[in-house]
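In: okay, structure incoming, though there's no sequence with it:
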């Protein structure tokens, strides 16, 4: 990554996200503050932060989605509107007992139709 200033802008924006985001969303936000930051810089930044354990990624509808929630949890993905929600996973200890090795991260994706789509609130 070229400059510390770019990293600072990216890190500052990263802390502003309270839910899921993708690289393009991060890119759009940082472009307002520093138009010299390229999309490749954003992808390198996200890869570095993921490697450092500051965030994790998962694939949703063939797109990589990022989150700063580092606790083990599940994702609910609405098949109609695409909204993604965290579902706390309180007890996943059984996985550690079933696997010969060390579990570093658990990702479980649940798909269905959200209550807003079921109720006709979303198109």
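Out: All right, it came through fine. In this text the structure is predicted, and so the values were computed from the model without any measurement.
In: quick check: buried residues in the helix or strand of the chain with the lowest mean pLDDT?
Out: Within the chain, no helix or strand scores below helix 93-98, which has a mean of 76 by mean pLDDT, DSSP states H and E. For helix 93-98, burial by neighbour count (16 or more other Cβ atoms under 10 Å) applies to no residue. Every C-beta, even on glycine, is put in place using the N, C-alpha and C of the backbone.
In: show me this protein divided up by domain.
Out: 4-67, 73-118 (automatic domain parsing).
In: can you tell me how far the residue lying closest to residue 12 once chain neighbours are set aside sits from residue 26?
Out: Leaving out its chain neighbours, the residue that sits closest to residue 12 by Cβ to Cβ, 6 or more residues apart in numbering is residue 33, at 8.0 Å. For residue 33, the distance to residue 26 (Cβ to Cβ, to the nearest Å) stands at 11 Å.
In: cool, residue 32 as well?
Out: From residue 32 to residue 26 the distance is 11 Å (Cβ to Cβ).
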